[in-house]
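> when you get a sec, could you give me coordinates for this:
(chains A and B)
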2 protein chains.
Amino acid sequence: MFKNLSFLKRANLTRHPMAQKLFKIMEDKKSNLALAADVSSQKQLLKLADEIGPSLCVLKTHVDILDDFTPDFGYLLKKIAEKHHFLIFEDRKFADIGQTVSLQYSNGIYRISDWADLVNAHIVPGPGIIEGLKLIGHPKGQGLLLLAEMSSSGTLAKGAYTRKAVELGEAHSDYVMGFISLHKLSQQPGMIHFTPGVKLHPGKDSLGQRYRTVDEILIKNRSDVIIVGRDITHAQNPKEQALLYREKAWQAYEQTTR
Amino acid sequence: MFKNLSFLKRANLTRHPMAQKLFKIMEDKKSNLALAADVSSQKQLLKLADEIGPSLCVLKTHVDILDDFTPDFGYLLKKIAEKHHFLIFEDRKFADIGQTVSLQYSNGIYRISDWADLVNAHIVPGPGIIEGLKLIGHPKGQGLLLLAEMSSSGTLAKGAYTRKAVELGEAHSDYVMGFISLHKLSQQPGMIHFTPGVKLHPGKDSLGQRYRTVDEILIKNRSDVIIVGRDITHAQNPKEQALLYREKAWQAYEQTTR
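A predicted model of the protein is given here:
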């Protein structure tokens, strides 16, 4: 079986500061688990982050669904991230022209660029979206993920669209550090692949989201990081469930790595 | 020359309540001008809305770039919209799976579904995004626009992607009421086409946005509504500039209509 490079080797082969940081966190904590903290309460999110943080390499947020958001949210979450040594990924899915996304990233009451280590973007608008976000994030050493594939049924992110995302990402590798995808898509060692829609058992929700298993994503598809949401946040014991996922995902990583 | 149906005739040919409302506003005010109020101050936005509102059929917002946002924003803007008889379109460009967009639409501190008559969405995630938004917006009689084409350079919204957007929109015509596009794309009378990136003189900005003229969009491309931003908001006299655009756009509409 073809083996991947280890995260540690890949850390030495990229010059992207945030990709290096993430590879090191993953090796240190033996975790390639990201939590989709899709809860609508800031209080609950911060509690989850503190409780599950030790198992995570990345915590993924949707700041715009928090009903009790307060402007110190970013500061409070960053403190927890430093304590437990994980990165913060605001899953904003930027999708507008360059001028607008640069404002959405840095302005408004969320001030995402003040606290998110990573954000992501759709490529539909063309390369201007990367340039607009880069103006804000690159000087801060932050990273961008491009949506190259999605886990939902009937997605248009496939074929030529996916290839274009990889081409644009690789052409901006000083700022883009990976992809949201179902498979490993880029051979550049600094490009990290994140896959959402992961559960212990495959299936669907009522609004078209499809779930795949850890082994399908990490062993068969050679992705790097699994993003798990409701299967941890809605578990009877989220902390133990996160430990289980971390272990399963790390075993899969080790199995595919030289 | 082939002539379009008038807005008034189209109002009678659709059962979408928000499309009917918009057609009637357009005929009453003789306006097919939408303002992109892309300012980062709520105070300035509300002032602009009150000043320019009489010329508009739609005011387009980016609530997430307002640095001084307060929770009564929606209430205050709705009062101005009722006074001047225009619709509010939050240009959120939803782009996530169904479960997430339904939360982003109704929850969080912006509570977009409480005040926006129209929102828009990318189709990249597949039909689940329409279903997720519809759960929230349809019972309220609100409308959805799908992004079928974009005005920015290198956009991937073209060809088969555009055709898919039209197909999905027409299949959900009880909730979808039109498209963000550069051209008229659907022959269904209730589908309203909105085109951004309009200026008096064609050109580009530094982040890939391309500008086209009123006549190119409304006469040559047969779109319905022009969305004008910086060319009004940054004009020496925004109110007069809006009057000029309204007049030019309405003349173009009349020229193409039977």
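> scan chain A for its longest helix.
helix A:238-255 (DSSP state H).
> now for that one, which elements pack on it?
strand A:33-36, helix A:42-52, helix A:214-215, strand A:225-228, helix A:230-233 (3 or more Cβ pairs under 8 Å, 6 or more residues apart in numbering or on different chains; DSSP states H and E). Using the backbone N, CA and C atoms, a C-beta is placed for each residue, glycine as well.
> now do 7 Å
Judged by 3 or more Cβ pairs under 7 Å, 6 or more residues apart in numbering or on different chains; DSSP states H and E, helix A:238-255 is in contact with strand A:33-36, helix A:42-52, helix A:214-215, helix A:230-233.
> run the chain-centre distance for the shortest one.
Its chain's C-alpha centre lies 17 Å from the corresponding centre of helix A:214-215 when counted by Cα atoms, centre = their mean, to the nearest Å.
> hmm, who's touching it?
The contact list for helix A:214-215 (Cβ atoms under 7 Å, 6 or more residues apart in numbering or on different chains) reads A:Val198, A:Ile226, A:Lys248, A:Ala249, A:Ala252.
> now do the same contact list for the fourth one.
The reference is to A:Ala249. Taking Cβ under 7 Å, 6+ apart as the test, what A:Ala249 contacts is A:Asn32, A:Leu33, A:Val214, A:Leu218, A:Ile226.
> which of those has the largest number of neighbours?
A:Leu33 (29 neighbours; other Cβ atoms under 10 Å in any protein chain shown).
> before we move on, back to that, as TSV, the contacts of helix A:214-215 with pLDDT and distance to B:His16 would be great.
Listed next are the contacts of helix A:214-215 as TSV, based on pLDDT from 0 to 100; distance: Cβ to Cβ, whole Å:
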residue	pLDDT	distance to B:His16
A:Val198	95	38
A:Ile226	98	41
A:Lys248	98	48
A:Ala249	98	46
A:Ala252	97	48
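> A:Ile88: which of the residues you listed is nearest?
When the contacts of helix A:214-215 are ranked by distance to A:Ile88 (Cβ to Cβ), A:Ile226 comes first, at 17.3 Å.
> ok, and the closest non-adjacent residue to the closest one?
A:Val198 (4.4 Å; Cβ to Cβ, 6 or more residues apart in numbering or on different chains).
> who's the one you found bridged to?
A:Arg212 (DSSP bridges).
> isn't it up against A:Leu218?
No: at 9.0 Å, A:Val198 does not count as touching A:Leu218 under the criterion of Cβ atoms under 7 Å.
> which residues are common contacts for the two?
Common neighbours of A:Val198 and A:Leu218, using Cβ under 7 Å, 6+ apart, are A:Ile226.
> starting at the chain centroid, how far to the longest helix of chain A?
16 Å.
> which SSE is immediately downstream of the longest strand seen in chain A?
The longest strand of chain A (DSSP state E) is strand A:87-94. Downstream of strand A:87-94, the first helix or strand assigned by DSSP states H and E is helix A:98-106.
> hmm, who's touching that following helix?
A:94, A:96, A:112-113, A:119, A:128-129, A:131-133, A:135-137, B:38, B:40, B:62, B:64-65, B:205, B:207-209.
> among the residues you listed, which lie within strands?
A:Phe94, A:Val119.
> which residues touch A:Lys3?
Counted by Cβ under 7 Å, 6+ apart, A:Lys3 has contacts A:Thr256, A:Thr257, A:Arg258.
> make a ChimeraX selection of the buried ones in these.
Those of the contacts of A:Lys3 that meet the burial criterion (16 or more other Cβ atoms under 10 Å in any protein chain shown) are gathered into one ChimeraX selection, given here:
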select /A:256
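> turn the contacts of A:Lys3 into CSV, columns for distance to B:Leu22 and pLDDT.
Formatted as CSV, the contacts of A:Lys3 follow (distance: Cβ to Cβ, whole Å; pLDDT from 0 to 100):
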residue, distance to B:Leu22, pLDDT
A:Thr256, 54, 94
A:Thr257, 56, 92
A:Arg258, 61, 74
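> between the contacts of A:Lys3, which is nearest chain B?
A:Thr256 (27.1 Å; Cβ to the nearest Cβ).
> per-residue confidence at the spatially closest residue to the closest one that is not a sequence neighbour?
Nearest non-adjacent residue to A:Thr256, counting by Cβ to Cβ, 6+ apart: A:Asn4, 5.3 Å away. For A:Asn4, the pLDDT comes out at 90.
> for the strand or helix carrying A:Lys60, packing partners?
Taking DSSP H and E as the definition, one finds A:Lys60 inside strand A:58-61. Other helices and strands packing on strand A:58-61, by 3+ Cβ pairs under 7 Å, 6+ apart, are strand A:33-36, strand A:87-94.
> any idea which of those gets closest to chain B?
Comparing those under Cβ to the nearest Cβ, the one sitting nearest is strand A:87-94, at 4.4 Å.
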